[in-house]
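**Q** I would like the atomic coordinates for the input below:
(chains A and B)
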Number of protein chains: 2
Amino acid sequence: MAKSKKIKASKKGVSLWNRAKKIIPGGNQLLSKRSEMFLPDQWPSYYKKAKGVEVWDLDGNKYIDMSLMGVGSCILGYADPDVNKAVIKAIQDGSMSTLNCPEEVELAELLCSLHPWASMVRYARTGGEAMAIAVRVARAHSRKDKVAFCGYHGWSDWYLSANIANDKNLDGHLLPGLAPAGVPRGLKGTMFPFHYNHVEELEKIVAKHKDIGVIAMEPLKYAPQEKDFLKKVRMIADKIGAVLVFDEISIGWRKNVGGAHLSYGVNPDIAVFAKAMSNGFPMAAIIGRKEVMQTAQKTFVSSTYWSERVGPVAAIAAIKKMKRCNVPVYLKKITAVLAQGLKERAEAHSIALTILGPSPLIALAFNHGVDSQTIKTLFTQEMLARGFLASTSIMLSYAHTAVHIKKYLKAVDEVFALIKKAIDEKKLSAMLKGPVSHSGFQRLN
Amino acid sequence: MAKSKKIKASKKGVSLWNRAKKIIPGGNQLLSKRSEMFLPDQWPSYYKKAKGVEVWDLDGNKYIDMSLMGVGSCILGYADPDVNKAVIKAIQDGSMSTLNCPEEVELAELLCSLHPWASMVRYARTGGEAMAIAVRVARAHSRKDKVAFCGYHGWSDWYLSANIANDKNLDGHLLPGLAPAGVPRGLKGTMFPFHYNHVEELEKIVAKHKDIGVIAMEPLKYAPQEKDFLKKVRMIADKIGAVLVFDEISIGWRKNVGGAHLSYGVNPDIAVFAKAMSNGFPMAAIIGRKEVMQTAQKTFVSSTYWSERVGPVAAIAAIKKMKRCNVPVYLKKITAVLAQGLKERAEAHSIALTILGPSPLIALAFNHGVDSQTIKTLFTQEMLARGFLASTSIMLSYAHTAVHIKKYLKAVDEVFALIKKAIDEKKLSAMLKGPVSHSGFQRLN
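**A** Alright, predicted model coming up:
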């Protein structure tokens, strides 16, 4: 089998990761970037340079990123020349001052023009804090504390408190095992989960609890919407007077230039953006109806670093490029090619593979029972050896070309053949050079 | 009186601010940058460029910033060449990737070397969320939800909930009138305020409430420490098994290169940094004792934009420059010159002025009874006309020179003379070209 010859073990990366775990609890700042989530004891872990879809590790290896592209943040590709040019100019002209940056207003007007139902905007710098702002404003507006929710919404107290009542509440929303340690017990009984497309679950919640003030949800993730689900949620929110918050942090900017909800003709009261909006520079936006957003003035929502200039400048440049280049249409096209290619290769090698998508977010699942996590790990190991950062979650960018997809599928073909052989010969574990990857939230030592 | 001739009314700035208030609730992201806090209907509000200590507004006026310097974030001056050079290189090499940036580890090691009591580090991008992480970890570690606190700690639920029980609890800690609208009522009774230097207040709290798990405080602000206050707080924390959190967001990096607590020989269990640490680029750090910080692994603290590269790169460059240039010593020296100059000019013109400091943070108070807020506003108006951004809070930077101080004091001399004359002739209000500035948290229309 013709492996790429230039990829060598990422000794420096693995060594630095081991050093990091001694000084940073959990090793880094984001669970989805933990080496153990990909390939324990082998993952390159750190990068020196990232440009387009290419990533250079500390050992000088070059990879094509066919995985998370900055966990969904770099929708245009790494170090996008247009966004970087605007950001570097802002930095040279001073990215912080006692006065405000005018780009805050320009971005607010741009976001409202893309979402005509919204007329006011606030900013944060991370998705988690933006959702916390949205929920604060929504609770202040409805004057009710209880939240019905669907999907993943970050690390904040309001969200994790769902697990105080029942430590399985957040299972099925992203990661099993999220512990609410340190979340005040007074928040118990404020959070009520429902599953995507299951409007009957939401109906039960609002029938039982008369004081639900907020419905917070991802408008779409991997499953397609069924039976006017979003419209029905909107009707329930209206009926009970709850503020409907769409968390567009993961899905936003992928189906169209703006929130995915635009594709369904269902408007929330508040929508929250981060990640792709600013192509890798810290930025988040909370947009909403004027009546709801003005409630922000009845509470206190203020932070120094929300007022710097890089975030708005990056977002304006990124959004303009997404519009100019019609990025969502391009993503849909190449993601479909990728999904079809994966499907064909899985079938050719008798690999039981489920492909969720082809929404612009693809998730793969190996359906081989107890071997599935080992197969996933082996896939990452063998793709890495062939020069790809690859796992079971794929977020393509505008920088991915047909050539990248073709190269990737060629490598997938080799690796699926190898996996099939290992399955047949019962050698899956023997082929792994390190431990099996983690599948959820675990303590690192 | 020789006014600078080049400063004209900031028509574009005032006009954009009025537009902003229609689309951004509150007008911007930070209360301390609201035009109404400085000079309603006259403040330039927005900047085009900021370099060193100079700020250019949208109308082409150039000012010397003798006020907040990015609300304490730009300790080295605006667009510092060394920090900007490092940041621009990181952006050109890609500031986001699916892999981690090695600078996270370098910065963690640097922070721990400056604070030998600490051995683990986590990051965020804003001070508010960093304090929320610190309190989460502290609560998780002590397994108790109740917090005794002193000082200002941001917009998050855990802090604002202090005002659910008593809407005066946060008065005296920074801004009067902070409303807890939208903060879940289940948090009522979790927050207990005490005042700086009043250890007897903390003693009463812990005597009454056996389950205080966290003591969160600013180790210093405008008042000097009295009678081993910090040491006594440390002893109480040890006695009751509470996690002691020092919020160094405002004061850190000003008394010495690191937390102000280093100057007092009292170590917390967790210290939190933001603002000056990264000279204007979004960044925050939570450092702490290993035993306490490892508790972060028992809860879930994770966010995509905490994993980008600009923040750590800016912080490393800023901290190295602070060390190399001994910035805190320089700040102490020029701040003392400034404070002495202000004192002399106030006395010369019979202006009743209290100067809190000369810690590296100076706060001025005009003590003229009901006229004080009018005088403050008039001071800002007349200093602005002379080319200075000036108010009653002053945070000098490494970019401020003796020449800037001298020019400022010359203008102060003129303005104090003018104010004294207006007081004597009862013409204070008549001299204001717009409304009096706000003194706390108010709704904007």
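
**Q** Where does the prediction get shaky in chain A?
**A** A:1-6, A:172, A:174-177, A:440-445 (pLDDT under 70).

**Q** Quick one: residues contacting the residue most central in space within it.
**A** For chain A, residue A:250 is the residue whose C-alpha lies nearest the centre (Cα atoms, centre = their mean; 4.0 Å). By Cβ atoms under 8 Å, 6 or more residues apart in numbering or on different chains, the contact list for residue A:250 reads A:72, A:152, A:218, A:221, A:275, A:361. Using the backbone N, CA and C atoms, a C-beta is placed for each residue, glycine as well.

**Q** go again using 10 Å as the cut-off
**A** Counting by Cβ atoms under 10 Å, 6 or more residues apart in numbering or on different chains, residue A:250 touches A:71-72, A:127, A:151-152, A:174, A:218, A:220-221, A:260, A:274-276, A:361, A:395, B:304.

**Q** cool, and residue A:245?
**A** A:131, A:134-135, A:137-138, A:147, A:149, A:153, A:214-217, A:237, A:268-272, A:286, A:288, A:292.

**Q** for residue A:374, same thing?
**A** A:366, A:368, A:419, A:422, A:423, A:428, A:429, A:431, A:432, A:436, A:437.

**Q** Can you name the helix or strand that the residue nearest to the last one when sequence neighbours are not counted falls in?
**A** Once its chain neighbours are removed from consideration, residue A:437 has its nearest residue in residue A:377; the separation is 4.5 Å (Cβ to Cβ, 6 or more residues apart in numbering or on different chains). Secondary structure assigned from DSSP states H and E places residue A:377 in helix A:372-385.

**Q** And for residue A:110?
**A** Going by DSSP H and E, residue A:110 is in helix A:103-114.

**Q** downstream neighbour of that helix in the secondary structure list?
**A** Next element after helix A:103-114 (DSSP H and E): strand A:120-124.

**Q** Next, see if that next one gets close to chain B.
**A** Yes: using Cβ under 10 Å from any Cβ of the partner chain, strand A:120-124 reaches chain B at A:120, A:121, A:122, A:123, A:124.

**Q** One more: stretch A:204-218?
**A** Yes: with Cβ under 10 Å from any Cβ as the criterion, chain B is reached by stretch A:204-218 at A:213, A:214.

**Q** Stretch A:338-350 too?
**A** No: on the criterion Cβ under 10 Å from any Cβ, stretch A:338-350 is out of touch with chain B, staying 16.5 Å away.

**Q** and that stretch, how far from the chain's centre?
**A** Relative to its chain's centre, stretch A:338-350 lies at 25 Å (Cα atoms, centre = their mean, to the nearest Å).

**Q** what comes up buried for it?
**A** Residues A:338, A:339, A:341, A:342, A:345, A:346, A:349 are the ones in stretch A:338-350 that count as buried (16 or more other Cβ atoms under 10 Å in any protein chain shown).

**Q** and what of stretch A:384-399?
**A** So for stretch A:384-399, counting by 16+ other Cβ under 10 Å, buried means A:384-399.

**Q** Do a quick rundown of the strands in the stretch 201-350 of chain A.
**A** A:212-217, A:243-247, A:270-273, A:284-288 (DSSP state E, counting those that start in this stretch).

**Q** so residue A:206 touches residue A:200, yeah?
**A** No: counting by Cβ atoms under 10 Å, residue A:200 is not a contact partner of residue A:206; they are 11.1 Å apart.

**Q** tell me, what's touching those two both at once?
**A** residue A:194.
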